[in-house]
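Enquirer: sequence unavailable; structure follows:
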């Protein structure tokens, strides 16, 4: 039985052992808004959120709220690496690219409104995709466990049948 558990530990993905985290972020006006959640859908509460520029310099910090949401003000137009870290060592990051940030002095406000609406739709699609991928991974892990337990059951049956005939 110990051998079976050891073999099982070797085939399970790392996400099954750790509380994997997902971070998503999007631009809303002059802010970066985002959400952090664990793979099971639980919000990452009161975690440190840090925005870094491409050289690793800090651009701003905040913390997630009870729903795992956060808002950071944008002060310069560059790629922002958003890093979310909990006190117990869990973490993840995502990048908001400079091209997603508003350009100062934009003269066509209606075009800007259309771009913002499109960004919101893309963000919603990203979040749905992340949730879907997490569900598929969890289903895959459960399916693998069922398969291994089924094989263990067949092996026990065969061994018991051999012992009866000996």
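Expert: Thanks, I have the structure now. The structure presented is a predicted model; accordingly, all values stated were derived computationally and were not measured. Residues are numbered from 1 along each chain as shown.

Enquirer: next one: the residue nearest the centre of the chain, what pLDDT does it get?
Expert: In the chain, the centroid-proximal residue (C-alpha atoms, centre = their mean) is residue 22; its distance is 1.5 Å. In this model, residue 22 is scored at 91, pLDDT.

Enquirer: pretty sure it is in a strand, no?
Expert: Yes. Assessed with DSSP: H, G, I helix; E, B strand; the rest coil, residue 22 lies in a strand.

Enquirer: the residue nearest to it when sequence neighbours are not counted in helix, strand or coil?
Expert: Leaving aside its chain neighbours, residue 22 sits nearest to residue 130 (5.0 Å; criterion: C-beta to C-beta, 6 or more residues apart in numbering). C-betas here are computed from N, CA, C, even on glycine. Secondary structure for residue 130, judged by three-state DSSP, is helix.

Enquirer: could you number the chain from 59 rather than 1 from now on?
Expert: With 59 as the first residue, the last one maps to residue 188.

Enquirer: is it true that residue 188 touches residue 82?
Expert: Yes. Using C-beta atoms under 8 Å, residue 188 is in contact with residue 82, at 6.3 Å.

Enquirer: quick one: which of those two has more around it?
Expert: residue 82 (20 against 17; other C-beta atoms under 10 Å).

Enquirer: enumerate every residue touching that one.
Expert: Applying C-beta atoms under 8 Å, 6 or more residues apart in numbering, we find residue 82 in contact with 92-93, 152, 181, 184-185, 188.

Enquirer: among these, which ones are buried?
Expert: Buried members of the contacts of residue 82, scored by 16 or more other C-beta atoms under 10 Å, are 92-93, 152, 181, 185, 188.

Enquirer: in strands, which of the contacts of residue 82 fall?
Expert: Counting by DSSP state E, the part of the contacts of residue 82 found in strands is 92-93, 152.

Enquirer: ok, back up a step: any idea which of the contacts of residue 82 is closest to residue 216?
Expert: residue 188 (42.7 Å; C-beta to C-beta).
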